[in-house]
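*Asks:* generate a structure from the sequence data that follows.
(4 chains)
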Number of protein chains: 2
Amino acid sequence: MPKSAPAVLPSPAETVACCSPLTAEPLDAATADRIAPLLKALADPVRLRLVSLVASHEDGEACVCDLNDAFELSQPTISHHLKVLHQVGLLERSKRGVWVYYRVSTTALADVASLLGGVAR
Amino acid sequence: MPKSAPAVLPSPAETVACCSPLTAEPLDAATADRIAPLLKALADPVRLRLVSLVASHEDGEACVCDLNDAFELSQPTISHHLKVLHQVGLLERSKRGVWVYYRVSTTALADVASLLGGVAR
DNA sequence: CCGAGACATCGACGGATGTGAAGATAGACG
DNA sequence: CGTCTATCTTCACATCCGTCGATGTCTCGG
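*Replies:* Coordinates of the predicted model:
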């Protein structure tokens, strides 16, 4: 069956966009449960560097082969981390030919920042 | 031996204040290792709510007894989460009489936000 | 059609982490 | 001094998570 109807399950990245800053009012348990995975995805040294690498890469995107070379980790491990970041909506995937390119969802990143910082948006 | 010389080990919160935004340039491994614990501390639903509760509490501070009542968790568990947040520099402790009050380090929170969002600072 | 290369998935292992029960500490109050 | 209350620490346990080797899938070139 075609993926024309993607069944719209909201990613954590979409959840965080709806919330007032942490410091404004107490966070209810349900919302916290939905936001935590997004921060958890960022709370790993390797994934932090992956996001940073992709973001600062030429044209704002990088293919997996580039990323693999930047770490002394196995290819499945990098693939795993990319999957985590993609699942929460922080990285976007696009396959071109044999290569897979990732780019950072700047809105998702900005939403997390505003949740913590309480500025912008 | 007295603890008069605290041996000044910089908290993760101090580390993050020194860095350009994630998206500006690739993060080196050592810096990522120092930032990750800060995000890891935030990447838990209970701790997210704790920070939010403290921040939005009257006078910007709350005592442990208030926080305990807001969760259906044992008191040691709450104490543990508070310790984690305190160790990375996100919460400040002050003991007054029998009670311990916590308040959020707004600068630490803002630094994390600017690291992700790339604005301010 | 077949081999090679680029990524993804699976299964397993070891270490980190959230949680609670029990005990320790420290101040307040009689 | 003894007790009560607020908080922290220790210990044990179950679960989660990062990592890798092996294997699967897809695409391109011959």
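
*Asks:* rest of the way, CA atoms for contacts and neighbours
*Replies:* Will do.

*Asks:* now do the strands in chain A.
*Replies:* Under the criterion DSSP state E, chain A carries strands at the ranges A:61-63, A:91-96, A:99-104.

*Asks:* do the last one and DNA strand C meet?
*Replies:* This means strand A:99-104. Yes. Strand A:99-104 reaches DNA strand C (Cα under 7 Å from any atom of the strand) through A:99-101.

*Asks:* quick one, what contacts the closest residue to A:Leu91 other than its chain neighbours?
*Replies:* Take A:Leu91 and drop its neighbours on the chain: the residue closest to it by Cα to Cα, 6 or more residues apart in numbering or on different chains is A:Val104, 4.6 Å away. Contact partners of A:Val104, counting by Cα atoms under 8 Å, 6 or more residues apart in numbering or on different chains, are A:51, A:54-55, A:60-61, A:90-92.

*Asks:* which of those residues sits closest to chain B?
*Replies:* For chain B, the nearest member of the contacts of A:Val104 is A:Ala55. The distance, counting by Cα to the nearest Cα, is 4.9 Å.

*Asks:* tell me the pLDDT of the closest one.
*Replies:* In the prediction, the pLDDT value recorded for A:Ala55 is 96.

*Asks:* that one and B:Gly89: what is the separation?
*Replies:* To B:Gly89, A:Ala55 is 27 Å away according to Cα to Cα, to the nearest Å.

*Asks:* quick revisit: and the contacts of A:Val104, which is closest to B:Ala13?
*Replies:* Nearest to B:Ala13 among those is A:Val51, at 20.0 Å by Cα to Cα.

*Asks:* which residues of chain A lie near DNA strand D?
*Replies:* Where chain A comes near DNA strand D, counting by Cα under 7 Å from any atom of the strand, the residues are A:40-41, A:43-44, A:46, A:72-77, A:80-81, A:97-98.

*Asks:* how about the residues of chain A near DNA strand C?
*Replies:* If contacts are counted using Cα under 7 Å from any atom of the strand, the residues of chain A sitting beside DNA strand C are A:63-66, A:75-77, A:79-80, A:82-83, A:98-101.

*Asks:* could you redo the last one with a cut-off of 6 Å?
*Replies:* Those residues of chain A that sit near DNA strand C, judged by Cα under 6 Å from any atom of the strand, are A:63-65, A:76, A:79-80, A:98-100.

*Asks:* can you turn the buried part of those residues into a ChimeraX selection?
*Replies:* Selecting just the buried residues from the residues of chain A next to DNA strand C in ChimeraX takes one command, with 16 or more other Cα atoms under 10 Å in any protein chain shown as the test:
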select /A:63,64
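
*Asks:* state the pair within the residues of chain A next to DNA strand C that is farthest apart.
*Replies:* Comparing all pairs in these by Cα to Cα, the longest separation belongs to A:His80 and A:Val98, at 18.4 Å.

*Asks:* hmm, A:Cys63 is touching A:Val98, no?
*Replies:* No. When contacts are counted by Cα atoms under 8 Å, A:Cys63 is not listed as touching A:Val98 (10.1 Å).

*Asks:* need the contact list for the residue of chain A found nearest chain B.
*Replies:* Of the residues in chain A, the one nearest chain B is A:Ala113, at a distance of 4.2 Å by Cα to the nearest Cα. The contact partners of A:Ala113, taken as Cα under 8 Å, 6+ apart, are B:112-117.

*Asks:* nearest to DNA strand C among these?
*Replies:* Within the contacts of A:Ala113, distances to DNA strand C taken as Cα to the nearest atom of the strand reach their minimum at B:Val112, with 17.9 Å.

*Asks:* residues in contact with the closest one?
*Replies:* A:113, A:116-117, B:16-17.

*Asks:* roughly how far apart are the residue nearest to A:Leu91 and B:Asp28?
*Replies:* Relative to B:Asp28, A:Val104 is positioned 18 Å away (criterion: Cα to Cα).
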